[in-house]
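Asks: Quick check, what structure comes out for this input:
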Amino acid sequence: MHEYAFMQEVIASALARLSQENPPPRVSEVILKVGGLEVHSEAAARLAFKVQVRGTPLEGCRLNLTLIPPKWECHACGAAGVLDQKTYPETSPLIMCSGCGKPVVLQGGRGVETLELILEE
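Replies: Below is the predicted model of the structure:
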């Protein structure tokens, strides 16, 4: 359900951009880069996109989806890295430093970084 609502917002934003043209152009590709914590299941996000673009200028376009993992930093020992979401799912209450075992601070991993529409020629 989360992916459906998230993609609904993305699609609404894309369609708002397209509505500024009369008639709205057809889109061949949507390039979407989002924080890895926004999408729980890439497959569910792709399905939500496919279902929700039916009957719109986005129907039939390719979705180029990139998930950007959050980075982490440990203020106790200075270690830093990229969060492996398979090791630490979002449901974990705390992410612990692999070096010293103290809690780390997450940076990024949320929001839409890029939404680009490639128009048909």
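
Asks: got a list of contacts for the helix or strand bottoming out on mean pLDDT in the chain?
Replies: In the chain, the helix or strand scored least confidently by mean pLDDT, DSSP states H and E is strand 105-107, which has a mean of 88. The contact list for strand 105-107, computed with CB atoms under 8 Å, 6 or more residues apart in numbering, reads 37, 70-75, 83, 95. Glycine gets a C-beta too; all of them are placed from N, C-alpha and C.

Asks: Which of the residues you listed has the largest number of neighbours?
Replies: Using other CB atoms under 10 Å as the neighbour test, those are led by residue 72, with 23 neighbours.

Asks: what bridges to it?
Replies: Beta-bridge pairing for residue 72 (DSSP bridges): residue 81, residue 106.

Asks: quick one: it from residue 105, how far?
Replies: 7 Å (CB to CB, to the nearest Å).
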